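Asker: turn this into a structure:
(2 chains)
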Number of protein chains: 2
Amino acid sequence: MAKQNAASEDDGLGILYGLTDKVIEDVCAALARRDAAAVRRLVEPLHPADAADLFECLKAGQRESLETLLGGFTDPLVLTNLDEALRDDLIDDFHPTKLARFAAELESDDAVELIETLDEGDQKAVLDSMPEGHRAMVEQALSYPKDSAGRLMRREYVAIPLFWTVGETIDFMRSSENLPDTFYGIFAVGPDHKPAGVVMTNQLLRSQRPTPIADILAPGFKQIPAAMDQEDVAFLFRQYDLAEAAVVDESGRLVGVITVDDVVDVIQEEHDEDILKLGGVKSDDLYEAVAATTRLRLSWLLLNLATAVGASLVIGLFQAHIERVVALAVLMPIVASMGGNAGTQTLTVAVRALAVKELTARNALNIIGKEVVVGGVNGIIFAVLVCGIAYVWFDDLLIGLVIGAAMIINLFVAGLAGILVPLGLDRAGVDPAVASSVILTTITDVVGFFCFLSLAALVLF
Amino acid sequence: MAKQNAASEDDGLGILYGLTDKVIEDVCAALARRDAAAVRRLVEPLHPADAADLFECLKAGQRESLETLLGGFTDPLVLTNLDEALRDDLIDDFHPTKLARFAAELESDDAVELIETLDEGDQKAVLDSMPEGHRAMVEQALSYPKDSAGRLMRREYVAIPLFWTVGETIDFMRSSENLPDTFYGIFAVGPDHKPAGVVMTNQLLRSQRPTPIADILAPGFKQIPAAMDQEDVAFLFRQYDLAEAAVVDESGRLVGVITVDDVVDVIQEEHDEDILKLGGVKSDDLYEAVAATTRLRLSWLLLNLATAVGASLVIGLFQAHIERVVALAVLMPIVASMGGNAGTQTLTVAVRALAVKELTARNALNIIGKEVVVGGVNGIIFAVLVCGIAYVWFDDLLIGLVIGAAMIINLFVAGLAGILVPLGLDRAGVDPAVASSVILTTITDVVGFFCFLSLAALVLF
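Answerer: Numbers count the residues shown, from 1 in each chain, chains lettered A, B, ... in the order given. Prediction:
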């Protein structure tokens, strides 16, 4: 997440990223003048992904005038590249026939992406206005679960009979009109349309015409079931450096192809989600309205309020002691805060390791042991430090010793909880990224306050 | 980060992921029996990436006996797939000539990855033992900065003169012996070896033999400067759905190619780093020794100690008041904790939006405005709630009103700080993922304690 002001032209990226600061400024100026010709001249050469970025970085009013001046959205690819919240907003105003026309212009995976967020009635209206063949493809894709390989795949692929030769394949390719724009491999299928393997296009080019296709199939051919979750698909692409993979239905017949560019988007999406979940945000709400954002964040804060009140109840147990030694009230947040931070460090490593399968039942015990030792060692180091601070501040060695002891206990517990909480949630089938941190800080707050105050109650009174 | 027990065979992934639970168990059993033949039979069919995963999930002792039973590492690709900390550990024991032999077997990008982490002396020793041609390639790659396109690129690519036809190109491909294993495009270069464009292999297959290459170049050809940061490279691949891109030196000559599988690894790496940084961990320390892990996490906790003591100093200002109304000590962590959590939500959205270029100077004001409103609205909602709780608990409406007012102020400040802190750090050229959260929680703690206690001091005394 280093600085990436891609749009500035002094770094190397400026030449390559179509949407420079200059372009944005010129568009804004042209919008202000309501100069439709200038806007068109600036926006039309942009790559659809850049045009989508332009749209995202404008203010709401500018977006509207851009749409008006361009005569509405004309490139469906810009829509598929837009942020989801913004896209849903836009699509709401579209007539079903316009959406159907857009969907028909797109390849089947992009069409599905456009249609799948609509509610059922709108989906039906759009599908009904689509040309027959394309509609059937989209409908079949929609029959697979959300976030599955079946939704992600493109239904346009190239397949040839397994018994062909290189020469026959090249002749077929030269005479075909309806090939997809991009593909890297050609699937060789049996008479039942079950894929037997894939031959890479570069391999075809390197082989003599009489070579049988069956002889030059790529090693390690992977067939992905259409129902597989997209996160597992992404894992396979990463693990095996795939550029493309065949998708098969329950009976093993070839139904589509997943390409790496879509998988890259999935990886990006999943990671964004992880980061947002760890921060207690349900989804990217940058483009959501204020009311929606407030609502989205409220439940998390409510949970936090409950846990904070819980921690305060623990403090409440020791009111009488605090009244007599007010230094306790001054020092107690230090113990809780250090526990929270040390635990979060462990938790972050554990959540990530679970996600990339580096933390498993097999090595869990080793790693738990290590975290407990790290927590204990850090506990001792910080116990000495904080004992010194408390002693100098309040001129009372006993208070220093009490806070030191509480620190050791809390950092030890933090290390243990930082690994056990995500591990336990994962075992229980709950996504550890979502709930781990609130459970962890509840534990470190409660243990921190309780240890410190109860030790003080024992020792000082 | 959903549950991904890939190794279980009941989900779809089990069939496709080579390293099933069964395989791991069988390997462990064979290791326990010291049955070299069984180990070899189990490990040899594994994909290098799966073999690396197997190695990672074993205990240290098992790793050693696996190495012994296999007669040492034999597949250099397993090494390049290993976790960096583990790999560095292993490589330390290797003789330079063994490493040189490994590096010579790999494609240039993988060889560079293996060698770049060695210290200078070891690097020289390995390079000196490598065959001439390969050594020159690796040396040139190492001359580019760390994490640059020049390090990431593969130096094996296919280039043809721009004036060739499809037929000439196919004949060249059929007669060449030394083509790379995988490639999707062929670069067309001028006499000065500057790339004029790329022709996709599938396009070659679809075109008639007499077609000039110049007529079928892919649109939107991207040339990446070798010095470009890998994060910017990843951005371009994502933005333009690239599978491959040409890398050029300062004079514009073609020097290599970056393929999407390497970019996927970069994206994964950068995301892991982001998550770890947000959690206050410098790097993935799962495989680091206890001492190294403790040291890595210490500096962050030290910083947190300083800020926690700062917050306590604020509380210390109000000791006399807390002594008289101990309810203040009980309730004050609630205000600070809610501020910290609300601020973290905003911060997380902001850090992610900065990373994916959705938050820019242009829309910053809008988004700041929105976050402040969200913070204010949430402040009012939680003010009412917490006022009620405090009133019921301590039977004192005034304390309820004080904590309510403090809550509004702190959540307002949290919203503002949650966006201004990362924005300011980014503007100052500091990575917002690293330092944002500690600055934010310092602000919300100090403001939370100060608001609540000073308001109480004004109103209650």
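
Asker: quick check: pLDDT value at residue A:277.
Answerer: With respect to pLDDT, residue A:277 scores 81.

Asker: low-confidence regions, chain A specifically.
Answerer: Residues of chain A that meet the criterion pLDDT under 70 lie in A:1-15, A:282-285.

Asker: remind me which helix or strand the residue in the stretch 301-450 of chain A that chain B sits nearest to belongs to.
Answerer: For the stretch 301-450 of chain A, the residue closest to chain B is residue A:348, as judged by Cβ to the nearest Cβ, at 2.6 Å. Heads up, the C-betas are built off the backbone N, CA and C, glycines and all. Per DSSP states H and E, residue A:348 falls inside helix A:327-355.

Asker: any part of the helix or strand just after that helix near chain B?
Answerer: Sequence order places helix A:361-394 as the next helix or strand after helix A:327-355, per DSSP H and E. Yes. Where contact is defined by Cβ under 8 Å from any Cβ of the partner chain, part of helix A:361-394 touches chain B, namely A:362-363, A:366-367, A:370, A:373-374, A:377-378, A:381-382, A:385-386, A:389, A:393.

Asker: who wins on neighbours among these?
Answerer: Tallying neighbours with other Cβ atoms under 10 Å in any protein chain shown puts residue A:374 at the head of those, with 28 neighbours.

Asker: what residues are up against that one?
Answerer: By Cβ atoms under 8 Å, 6 or more residues apart in numbering or on different chains, the contact set of residue A:374 is A:346, A:415, B:290, B:293, B:294, B:297.

Asker: assign residue A:193 to helix, strand or coil.
Answerer: coil (DSSP: H, G, I helix; E, B strand; the rest coil).

Asker: which one is it nearest to, not counting chain neighbours?
Answerer: Leaving aside its chain neighbours, residue A:193 sits nearest to residue A:253 (4.7 Å; criterion: Cβ to Cβ, 6 or more residues apart in numbering or on different chains).

Asker: ok, the helix or strand encompassing residue A:398 near chain B or not?
Answerer: Element membership for residue A:398 (DSSP H and E) is helix A:397-427. Yes. Against chain B, helix A:397-427 shows contacts by Cβ under 8 Å from any Cβ at residue A:426.

Asker: from the contact counts, what lies against that helix?
Answerer: helix A:327-355, helix A:361-394, helix A:432-460 (3 or more Cβ pairs under 8 Å, 6 or more residues apart in numbering or on different chains; DSSP states H and E).

Asker: just those helices: most buried one?
Answerer: When these are scored by mean count of other Cβ atoms under 10 Å in any protein chain shown, the highest mean neighbour count falls to helix A:327-355 (a mean of 27).

Asker: tell me how far the closest residue to chain B within the stretch 51-200 of chain A lies from residue A:204.
Answerer: In the stretch 51-200 of chain A, no residue comes nearer to chain B than residue A:173, which is 4.5 Å away by Cβ to the nearest Cβ. Separation of residue A:173 from residue A:204 (Cβ to Cβ, to the nearest Å): 8 Å.

Asker: who has more neighbours out of the two?
Answerer: Shown here are residue A:173 and residue A:204; by other Cβ under 10 Å, residue A:204 has more neighbours (24 against 20).

Asker: contacts for the helix or strand containing the more buried one?
Answerer: Using DSSP H and E, residue A:204 maps to helix A:201-206. With Cβ under 8 Å, 6+ apart as the test, helix A:201-206 has contacts from A:166, A:169-170, A:183-186, A:216, A:218, B:169-170, B:173-174, B:176, B:179, B:182-184, B:200-202, B:204-205.

Asker: in PyMOL, select just the buried ones from those residues.
Answerer: Command for PyMOL that selects the buried part of the contacts of helix A:201-206, burial taken from 16 or more other Cβ atoms under 10 Å in any protein chain shown:
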select buried, (chain A and resi 166+169+170+183+184+185+186+216) or (chain B and resi 169+170+173+179+182+183+184+200+201+202+204+205)
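
Asker: quick one, phi/psi of the residue most central in space within chain A?
Answerer: Centroid-nearest residue in chain A, with Cα atoms, centre = their mean: residue A:270, separated by 2.1 Å. Backbone geometry at residue A:270, expressed as degrees, to the nearest 10, gives phi -60, psi -40.

Asker: nearest residue to it in space, please, no chain neighbours.
Answerer: Nearest non-adjacent residue to residue A:270 (Cβ to Cβ, 6+ apart): residue A:231, at 5.8 Å.

Asker: and what about the one you found, helix, strand or coil?
Answerer: Residue A:231 is classified as helix under three-state DSSP.

Asker: that one touches residue A:271, doesn't it?
Answerer: No. With contacts counted by Cβ atoms under 8 Å, residue A:231 stays clear of residue A:271, the gap being 10.7 Å.

Asker: the more surrounded of these two?
Answerer: For residue A:231 versus residue A:271, the count of surrounding residues by other Cβ under 10 Å is larger for residue A:271: 22 against 19.

Asker: and residue A:32, which helix or strand is it part of?
Answerer: Residue-wise, residue A:32 maps onto helix A:21-33 under DSSP H and E.

Asker: check whether that helix comes near chain B.
Answerer: Yes. Judged by Cβ under 8 Å from any Cβ, helix A:21-33 and chain B are in contact via residue A:24.

Asker: angle of whichever helix or strand comes after that helix against helix A:21-33?
Answerer: Downstream of helix A:21-33, the next assigned helix or strand under DSSP H and E is helix A:36-43. Following axes from the mean of the first three to the mean of the last three Cα atoms, to 10 degrees, one obtains 160 degrees for the angle between helix A:36-43 and helix A:21-33.

Asker: wait, does helix A:36-43 make contact with chain B?
Answerer: No. Contact of helix A:36-43 with chain B is not found when judged by Cβ under 8 Å from any Cβ; the minimum separation is 15.6 Å.

Asker: got the contact list for that helix?
Answerer: Contacts of helix A:36-43 (Cβ under 8 Å, 6+ apart): A:23, A:26, A:27, A:30, A:31, A:51, A:54, A:66, A:69, A:70.

Asker: tell me, domain by domain, which residues of chain A belong where.
Answerer: Per automatic domain parsing, the domain ranges recorded for chain A read A:13-147, A:159-278, A:290-460.

Asker: a markdown table for those, including distance to residue B:193?
Answerer: Formatted as a markdown table, the domains of chain A follow (distance: least, Cβ to Cβ, whole Å):
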| stretch | distance to residue B:193 |
| --- | --- |
| domain A:13-147 | 19 |
| domain A:159-278 | 21 |
| domain A:290-460 | 40 |
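
Asker: out of those, flag the one nearest residue B:237.
Answerer: domain A:159-278 (7.0 Å; Cβ to Cβ).

Asker: tell me which element the closest residue to residue A:341 other than its chain neighbours is part of?
Answerer: Once flanking residues are discounted, residue A:341 sits nearest to residue B:304: 4.5 Å by Cβ to Cβ, 6+ apart. Assessed by DSSP H and E, residue B:304 sits inside helix B:290-316.

Asker: helices and strands around that helix, which ones?
Answerer: Here helix B:290-316 touches helix A:327-355, helix A:361-394, helix B:432-460, going by 3+ Cβ pairs under 8 Å, 6+ apart.
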